[in-house]
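Novice: Test case, fold it:
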Amino acid sequence: VEEHLPQDPRTLLRTPVAVGKEISTLAGGELWYQGIQRCLKYHFRSDTPSVDTFAINLFVDGLPLHNAGPTQLWPIMMQVHDLTDLPIFVVGIFCGSSKPDNVEDFLRPLVDELNHLIEAGFTINQKRISVTFRAFIADTPARAFIKGKLYTYYI
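Specialist: Residues are numbered from 1 along each chain as shown. Coordinates of the predicted model:
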């Protein structure tokens, strides 16, 4: 039996076609932000959470894409503290030749969404979920960047 194989790997892997529209240009690189609510709704698309409140831990760190070049990734990741069986979610990713030039531009979508979720909550499968912010976790250079302070790292 001959099966039909797509001519393009994006079709085979079911790569979303609208992802390019979700990428915004920032000074120093590009930011893809899918969001907290979208991550959680996708994860619980066929299940209902067992709790009424999600306590959110957020993580940010910079990492080089490879040793031979300046390209860096700065993922924004999230963990739901009380639900240890949930995976770590990638909420957004910045990619550029260095860290983001402006922490305000980098974190603004996250802060706006988090403020909205804390104030209004959201619904998953007809269940109302409230959101609390628990912790922002980062190593020393990333924490200094987030706080907007000058940090000199000595090796």
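
Novice: just the helices in this structure please.
Specialist: Listed in chain order, the helices of the chain (DSSP state H) span 9-12, 36-43, 103-120, 140-147.

Novice: Leaving aside the residues adjacent along the chain, what's closest to E22?
Specialist: Ranked by C-beta to C-beta, 6 or more residues apart in numbering and with sequence neighbours excluded, the top spatial neighbour of E22 is W32, at 5.7 Å. Every residue, glycine included, has its C-beta placed from N, CA and C.

Novice: Does the one you found touch T25 like I think?
Specialist: No - assessed by C-beta atoms under 8 Å, W32 is found out of contact with T25, at 11.0 Å.

Novice: tell me, what's touching the two both at once?
Specialist: Common contact partners of W32 and T25 (C-beta atoms under 8 Å, 6 or more residues apart in numbering): none.

Novice: And the two? Which one has more around it.
Specialist: Neighbours were counted for W32 and for T25 using other C-beta atoms under 10 Å; W32 has more, 17 against 10.

Novice: Give me the distance between the more buried one and F44.
Specialist: W32 sits 22 Å away from F44, going by C-beta to C-beta, to the nearest Å.
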